[in-house]
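S.K.: Structure for this input, please:
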Amino acid sequence: MLPALVLASSCLTAELEKQAETLKEQEAEIARQRKEIEALISGQQAQDKRLRDCNRAFREYFEQGQTTADGDRAVALYREGLAICPDDEVAHYELGRLLAAQGRYPEAEKEFESALRINPDFTDARARLEALLKNR
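M.R.: As a prediction, this is how the structure comes out:
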């Protein structure tokens, strides 16, 4: 009877060790998934902030830059807006147009290039940049 008891005890110990290892693996997987979820939440929060910033830039700067008759003021407004929302290719394009109209061609080229870095298929920005480069 004693050998059977030892054998049963040995089987239970092996089974408990197996379950403990399974629990450790599950805890590690849960920790990995938590980190992944936290990263997704953080990314979503950053994206939401960028969207709020860009909406603010449009309301407070880009729209005013489009309506003001003062070219220097319009340039300043676009630059302020781009400081808040730097990834708006249309704002870079519009700023480039304003700068080109003022004869500030090197600055205009940089803005058209920025627009094209953000959106390589922006045909108007490409055409404006090519025209500036051709007329150097």
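S.K.: In terms of helices and strands, where is the residue nearest in space to the middle of the chain?
M.R.: With distances taken as C-alpha atoms, centre = their mean, Q47 lies nearest the centre of the chain, 6.3 Å away. Using DSSP states H and E, the element containing Q47 is helix 2-57.
S.K.: phi, psi of A69?
M.R.: Torsion angles at A69 (phi, psi; degrees, to the nearest 10) stand at phi -90, psi -10.
S.K.: returning to that earlier point: now the helix holding Q47, how far from the chain's geometric center?
M.R.: 28 Å (C-alpha atoms, centre = their mean, to the nearest Å).
S.K.: and the next element down the chain from it?
M.R.: Next along the chain after helix 2-57, taking DSSP H and E as the criterion, comes helix 63-67.
S.K.: what packs against the following helix or strand past that next one?
M.R.: Heading C-terminal from helix 63-67, the first helix or strand you meet, by DSSP H and E, is helix 71-84. Under the contact criterion of 3 or more C-beta pairs under 8 Å, 6 or more residues apart in numbering; DSSP states H and E, helix 71-84 touches helix 2-57, helix 63-67, helix 89-101. No exception for glycine: its C-beta is placed from N, CA and C like everyone else's.
S.K.: Output the lowest mean pLDDT helix or strand found in the chain.
M.R.: Least confident element among the helices and strands of the chain, by mean pLDDT, DSSP states H and E: helix 2-57 (a mean of 83).
S.K.: Just want the angle from that helix to helix 89-101.
M.R.: Helix 2-57 runs at 30 degrees relative to helix 89-101, counting by axes from the mean of the first three to the mean of the last three C-alpha atoms, to 10 degrees.
S.K.: how many degrees apart are helix 2-57 and helix 71-84 in direction?
M.R.: Going by the same axes, to 10 degrees, helix 2-57 is angled at 170 degrees with respect to helix 71-84.
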